[in-house]
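*Asks:* Okay, structure incoming, though there's no sequence with it:
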């Protein structure tokens, strides 16, 4: 968790994925039927009107070929009368001459795809397959266009193409509407049918529910998933889709796509174990082409896109906001499109979704994200027992040695108070005389706390962390002598006895106490159970946290661990702390919330500020949690006035090196050292460095999809 260098810390599987039985056997195998479609040029072209240079498109093509990607969607298949070439680039049309200029005769293992929109391609402009370099035509439609989509799909089938129908914006549809589409598609000969999360508004539960529905309704057809990344859920949703039986999964390099972008291709390739895939060429093209593109084309995560995704709305307003040069003005976007829109205000949310209130129903209209019955009532009510701890200062201090200005810390503190956050972890307790070159938040002295927070006459509770092996119980003050309310003790499984001693001493000193169980992904369940038994038998702490220290857990493992912790520790409050190496932190936090019963604690930080790839963003939590006590606007104000500036000055967040570390279940120290050496952008050579120490174990072909319990069906759809 803390990430500081210390020889006493155990080095657990630094360079080889730990073969922990926390992961089912299927996670060490691969399903040969899974195929990857890279959408970089087609979806990314929505951000620059497909005006990519030939060199860029060729580089993407060559990278996909070398990486073993199965299909490359190189643009839209469009009749030229609908767009002017003076206004859009060639990849809006996928004319054969343009394709041949880039790929020649495409004598490679990759297949080329083009997307056709209803009403923008005339039958006379669809050549026979033998006269085209395209192999696959993907017909995109909304549910009310399904008949037209089938008509166009049949025409493409007759002309010799592989054909997919991509049903868009399903989060706006009822199950009856979706089932009607499935029934019609089942009668066709199309090869593939796609679930497209067009607005980035679906959560894992909805993806699992729908993919199972698609698989059952369309035997013999390949089911696909196309995810958008508005809420940083594209990767997690893609994994859930694959697990439930989807054999086609979309990605785009560095997530390049409309608005917040898509599931990153590099993430998908790091996750899939099929040895035919090689992520290194993708890392290489990112360094050589995409970082330069980022200087002129803007895409990716932002507050406006987050808001659009949570509210299940088309990103056109967010895209216009960003195009006007206001991408960093999330506060202004919120004030214009959320706070000022009384009809869409979220203040009507009702309590519910808690075992104590199983029959709670929402009062007033559903919030926009829950127009569809795909979302159970728990998704538009709230669990009153969810508590949020903001880690911005403590975890973020690992980046700048806790040398935040008082003004910065006070801004974060004020934002947490106004936002209704329950706890703020302001730093560490330290042994006197240590960390003499660190800022004040490495020590949490009472004088420093009072200088910034006064007497803290607010509902916000303050927390400090201690690391086993770096402090003794005698070095921790009594609760009467500090503003700190909670002490959290971070430990590895082989330090549990010492952690319990410190925790009990802190309890005796009057603190609320939590234990953070770190690096769970690197050990076996048996070791986890032994440590939990020690805690259950000897420790008097209030809270016990699942800490995904390496950013290596997936939702399935979080679900299993959450159930195990509650089973072994009845009466204790279980929490979750997630790292974002694989863009999984927010999804894993949602999984913990959905799994845990009663009180649950979740960690976050503003803009994800934390060591390495960062953690779950507090702003995402404020948007997801429906409890009206939580307010997003104060967090956005702190971003605007303070945290964004820090983001411009410091480096944190996902990178190729940190992604690879997370996917291989490695401690991030090697990736962080790589960054510190000025090589943050050089992901390909990081792979070489890791491989020189230990090659990734070669996976074998395994069983077909499945394994997780079916998600609950919305109550009014169970008949």
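*Replies:* Nice, I can see it. All values reported here derive from a predicted model rather than from experimental measurement. Residues are numbered from 1 along each chain as shown.

*Asks:* tell me the helices in the stretch 601-719 of the chain, going along the chain?
*Replies:* 618-624, 633-638, 644-649, 656-663, 669-676, 683-693 (DSSP state H, counting those that start in this stretch).

*Asks:* Can you say which of these is nearest to residue 467?
*Replies:* helix 669-676 (14.9 Å; C-beta to C-beta). The C-beta positions use only the backbone N, C-alpha and C, and glycine is treated the same way.

*Asks:* so where is the stretch 51-200 of the chain shaky, pLDDT-wise?
*Replies:* For the stretch 51-200 of the chain, applying pLDDT under 70 flags no range at all.

*Asks:* Would you confirm that residue 418 contacts residue 631?
*Replies:* Yes - at 6.4 Å, residue 418 counts as touching residue 631 under the criterion of C-beta atoms under 8 Å.

*Asks:* I'd assumed residue 638 was in contact with residue 618.
*Replies:* No - between residue 618 and residue 638 there is no contact, the gap being 9.0 Å when judged by C-beta under 8 Å.

*Asks:* where do the contact lists of those two overlap?
*Replies:* By C-beta atoms under 8 Å, 6 or more residues apart in numbering, residue 618 and residue 638 have these common neighbours: residue 606.

*Asks:* show me what contacts residue 221?
*Replies:* Neighbours of residue 221 in contact, by C-beta under 8 Å, 6+ apart: 185, 186, 190, 191, 192, 193.

*Asks:* Let me see the contact set for residue 607.
*Replies:* Residues near residue 607 by C-beta under 8 Å, 6+ apart: 614, 617, 619, 639, 643, 644, 647.

*Asks:* Tell me, how many residues neighbour the first one?
*Replies:* When you say that, I think you mean residue 614. Neighbour count for residue 614, taken as other C-beta atoms under 10 Å: 25.

*Asks:* which intervals of the chain have sub-threshold pLDDT?
*Replies:* 1-19, 340-372, 376-380, 703-719.

*Asks:* can you give me the helices for the stretch 201-350 of the chain?
*Replies:* Going by DSSP H, counting those that start in this stretch, the stretch 201-350 of the chain shows helices at 204-217, 234-243, 265-271, 280-285, 291-293, 303-310, 316-323, 330-334.

*Asks:* Any chance of these in CSV with mean neighbour count and distance to residue 34 as columns?
*Replies:* Formatted as CSV, the helices of the stretch 201-350 of the chain follow (neighbours: other C-beta atoms under 10 Å; distance: least, C-beta to C-beta, whole Å):
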stretch, mean neighbour count, distance to residue 34
helix 204-217, 22, 13
helix 234-243, 27, 6
helix 265-271, 26, 9
helix 280-285, 24, 17
helix 291-293, 14, 28
helix 303-310, 27, 26
helix 316-323, 18, 31
helix 330-334, 21, 36
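
*Asks:* So which of these is nearest residue 578?
*Replies:* Comparing these by C-beta to C-beta, helix 234-243 comes nearest, at 10.8 Å.

*Asks:* Residues contacting that closest one, please?
*Replies:* Contacts for helix 234-243 (C-beta under 8 Å, 6+ apart): 31, 34, 195, 197, 200, 202-204, 207-208, 211, 223, 225, 227-229, 249-251, 255, 261-264, 267-268, 271, 554-556, 582-584, 586-588, 705-708.

*Asks:* now do stretch 390-402
*Replies:* Contacts for stretch 390-402 (C-beta under 8 Å, 6+ apart): 1-4, 403-404, 409, 412, 416, 421, 423-428, 437-442, 463-465, 577, 603-606, 609-611, 615, 618, 643, 650-652.

*Asks:* change it to 7 Å
*Replies:* Applying C-beta atoms under 7 Å, 6 or more residues apart in numbering, the contact partners of stretch 390-402 are 2-3, 404, 409, 412, 416, 421, 424-428, 437-442, 465, 603-606, 609-611, 615, 618, 650, 652.

*Asks:* Thank you, goodbye.
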